[in-house]
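Participant: Take a look and give me a structure for this.
(one chain, ligands or ions: 1)
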Amino acid sequence: MVAVGLHGLWLSGIDYIGESCKMKEYRNFTLPLAVSIVLSGQYEDDVDNSEEVVYTGQGGNDLLGNKRQIKDQVMCRGNLALKNSMDQDVSVRVIRGHKCASGNIRKVYTYDGLYKVDHYWKERGVAGFIVFKYRLKRIEGQPKLLTNLVSFARQQVSRGHSESDGLVCKDICGGQENLCIPASNENDVPPVAPSGFEYIKSIKVAHNVTMPPNAPGCNCKGKCTNAEKCYCARLNGGDFPYVRQDGGRLVEPRDVVYECGPRCGCGPNCVNRTSQQGMKYQLEVYRTENKGWAVRSRDFIPSGAPVCEYVGILRKNCELDSVSGNDYIFDIDCWQTINGIGGRERRSCDASTRLSNHAKEIYDQISESEPEFCIDAGASGNVSRFINHGCEPNLFVQCVLSSHHDVRLARVMLFAADDIVPMQELTYDYGYELDSVIGPDGKIITMPCYCGAGDCRKRLY
Ligand SMILES: C[S@@+](CC[C@H](N)C(=O)[O-])C[C@H]1O[C@@H](n2cnc3c(N)ncnc32)[C@H](O)[C@@H]1O
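Facilitator: Numbering: from 1, shown residues only. All right, here's what the predicted structure looks like:
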């Protein structure tokens, strides 16, 4: 917190601008002036109701012993600073410390927004000594406060679901995934559960789509480790796309990731099968105010980790022309992305320069400027069908080839673009070009974006 400038003091819970400050900005203020407080359960007299906090002033507390009040507090330093902030209507940052049950991190801190001190008083605290009390109220119009849902246990929110507010379904996947996926709804009255679709764990292929034969594989045994000898590593440009940390993390986005497949000699735990291991993070579907359903994680997700595959029915795009109103179509546009077609942004690694002969034969057949195939998760899909678009997303789309090498039918994986803290909405960039969606009457269709990002372009398409 000190390093990022959120709270400037290592030990004290009230950070303030002191009386010696000569900066012009504070010329007209009475100093000291509080700028941030940390609520960490240190004071026995603190009351924390999330949006409203009663904060105990500083001093008189046996910080090194049993943390109890051992003498009266005095109206100076941080205590005076909080009073001055109230008198001068200056907002204060509130940071909460959450105890971690395990791991090396003993406490996780969350920045919970700006509050204003609206009242202060003096009273005899629980231990019989004078303490100052400050009532702070959270300023309205800030993003919803999630801290009361968050109880960190080394990068993880409790996996029990019964305590989660608004639980409407214990497991939308009915036990199909490695972990259950609860759904909660605190927005509708009465609170409904997600419906109108069948949960499927893996891709189903439409009857008129023929999957390519299995691609040749590597001769490695057990786990692939030698990038020079491994055929699949060579397809990836001579290295493995994943590092082993946390069970496999993708180092960077690529045009295509070639994973080991059915004809490879390695076993199921090879790092080059990272996207084939199933879901590892506790995801939750929840109802939003204006975007329908959304997905968040109750676990911390490290950058580069696989989150889920976009699963649905693998269909020919030409079949969909007559179908309108399906919000769950994912075009497999890997080839178009590799070639920067239709405004798609090319990625840094150019896989097309290092394709196997087998893959090149397939690529030579592709002349389409529009994707031929898509994944339709309208009627059948997995949790990814609930993930919304974000203009500053925390997931990215990665095409993965594992059993065959035909990019038109690549698997679509979502990976963490950044470290993702628990309870943050998961989003990816849907990649629509503005004005690219045309209605049956030939007119452009637009859709507002409510992702809430600072840089939101305000339209999904
Ligand atoms: C694949 S679905 C995502 C899940 C969807 N919210 C639901 O309730 O099932 C895509 C649809 O969600 C909505 N959506 C996704 N991202 C959005 C955003 N940033 N702003 C507004 N609506 C969004 C749009 O209706 C979009 O067509």
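
Participant: where does the stretch 151-300 of the chain dip in pLDDT?
Facilitator: 151-165 (pLDDT under 70).

Participant: Near the ligand, which residues of it are found?
Facilitator: Proximity of the stretch 151-300 of the chain to the ligand (CB under 6 Å from any ligand atom) is limited to residues Lys291, Gly292, Trp293. C-beta coordinates here come from the backbone N, C-alpha and C atoms, glycine included.

Participant: and the first one, how many residues sit next to it?
Facilitator: Which is Lys291. 18 (other CB atoms under 10 Å).

Participant: just the second one next, same as before
Facilitator: Using other CB under 10 Å, Gly292 has 12 neighbouring residues.

Participant: Any figure for the gap between it and Asp327?
Facilitator: The gap separating Gly292 from Asp327 is 9 Å, by CB to CB, to the nearest Å.

Participant: who touches both of the two?
Facilitator: Common neighbours of Gly292 and Asp327, using CB atoms under 8 Å, 6 or more residues apart in numbering, do not exist here.

Participant: Can you list the residue ranges for strands in the stretch 1-150 of the chain?
Facilitator: 14-17, 33-39, 47-49, 52-56, 92-99, 107-124, 130-138 (DSSP state E, counting those that start in this stretch).

Participant: strands paired with the fifth one, and their directions?
Facilitator: With DSSP bridges as the test, strand 92-99 is paired with strand 33-39 (parallel), strand 107-124 (antiparallel).

Participant: Quick check: which of these is nearest to the ligand?
Facilitator: Each of the strands paired with strand 92-99 has some distance to the ligand by CB to the nearest ligand atom; the shortest is strand 107-124, at 22.0 Å.

Participant: Tell me what the residue of the stretch 351-461 of the chain found nearest the ligand is bridged to.
Facilitator: Taking CB to the nearest ligand atom as the measure, the stretch 351-461 of the chain has Asn388 as its residue closest to the ligand, at 3.3 Å. Note on Asn388: beta-bridge partners by DSSP bridges are Thr427.

Participant: just checking, it touches Ala294?
Facilitator: Yes - using CB atoms under 8 Å, Asn388 makes contact with Ala294 at a distance of 5.2 Å.

Participant: These two - which one has more neighbours?
Facilitator: Asn388 (20 against 17).

Participant: Can you tell me how far the more buried one is from Val295?
Facilitator: From Asn388 to Val295 the distance is 8 Å (CB to CB).

Participant: Check the contact lists of these two and give me the overlap.
Facilitator: When contacts are counted by CB under 8 Å, 6+ apart, Asn388 and Val295 have Glu425 as shared neighbours.

Participant: Contacts only, for the residue in the chain that the ligand sits nearest to.
Facilitator: Residue nearest to the ligand within the chain: Gly292 (2.4 Å; CB to the nearest ligand atom). If a contact means CB under 8 Å, 6+ apart, then Gly292 has Asn388 as its contacts.

Participant: how about it, phi and psi?
Facilitator: Dihedral pair for Gly292: phi 70, psi -140, per degrees, to the nearest 10.

Participant: For the longest helix along the chain, buried residues please.
Facilitator: Ranked by number of residues, the top helix in the chain under DSSP state H is helix 77-87. For helix 77-87, a neighbour-count test (16 or more other CB atoms under 10 Å) marks Arg77, Gly78, Asn79, Leu80, Ala81, Leu82, Lys83, Asn84, Ser85, Met86 as buried.

Participant: Just want to check the distance between the residue nearest to the fourth one when sequence neighbours are not counted and Ser40.
Facilitator: The one in question is Leu80. Nearest non-adjacent residue to Leu80, counting by CB to CB, 6 or more residues apart in numbering: Pro32, 5.8 Å away. According to CB to CB, Pro32 and Ser40 sit 21 Å apart.

Participant: Tabulate the strands of the stretch 1-150 of the chain (JSON lines), appending mean pLDDT.
Facilitator: JSON lines is the format used below for the strands of the stretch 1-150 of the chain (pLDDT from 0 to 100):
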{"stretch": "strand 14-17", "mean pLDDT": "95"}
{"stretch": "strand 33-39", "mean pLDDT": "94"}
{"stretch": "strand 47-49", "mean pLDDT": "69"}
{"stretch": "strand 52-56", "mean pLDDT": "87"}
{"stretch": "strand 92-99", "mean pLDDT": "87"}
{"stretch": "strand 107-124", "mean pLDDT": "89"}
{"stretch": "strand 130-138", "mean pLDDT": "91"}
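
Participant: Distance to Cys169 added to those, as JSON lines?
Facilitator: JSON lines is the format used below for these (distance: least, CB to CB, whole Å):
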{"stretch": "strand 14-17", "distance to Cys169": "43"}
{"stretch": "strand 33-39", "distance to Cys169": "33"}
{"stretch": "strand 47-49", "distance to Cys169": "29"}
{"stretch": "strand 52-56", "distance to Cys169": "32"}
{"stretch": "strand 92-99", "distance to Cys169": "27"}
{"stretch": "strand 107-124", "distance to Cys169": "27"}
{"stretch": "strand 130-138", "distance to Cys169": "30"}
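
Participant: Distance to Ala193 and mean neighbour count added to those, as CSV?
Facilitator: Shown next, in CSV, are those (distance: least, CB to CB, whole Å; neighbours: other CB atoms under 10 Å):
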stretch, distance to Ala193, mean neighbour count
strand 14-17, 44, 22
strand 33-39, 35, 23
strand 47-49, 29, 12
strand 52-56, 32, 21
strand 92-99, 29, 19
strand 107-124, 29, 16
strand 130-138, 30, 21
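
Participant: Select, out of these, the one closest to Ile70.
Facilitator: strand 130-138 (11.5 Å; CB to CB).

Participant: Can you name the residues in contact with the closest one?
Facilitator: Defining contact as CB under 8 Å, 6+ apart, one finds that strand 130-138 is touched by 37, 43, 45, 50-57, 60, 69, 72-73, 75, 79, 82-83, 86, 92, 94, 112-125, 145.

Participant: quick one: that strand to strand 107-124, angle?
Facilitator: Strand 130-138 runs at 130 degrees relative to strand 107-124, counting by axes from the mean of the first three to the mean of the last three CA atoms, to 10 degrees.

Participant: So what's the gap between strand 130-138 and the chain middle?
Facilitator: 34 Å (CA atoms, centre = their mean, to the nearest Å).

Participant: what about the strands in the stretch 201-350 of the chain?
Facilitator: Using DSSP E, counting those that start in this stretch, strands in the stretch 201-350 of the chain cover 204-205, 242-243, 249-250, 257-258, 283-287, 293-297, 306-309, 313-316, 329-331.
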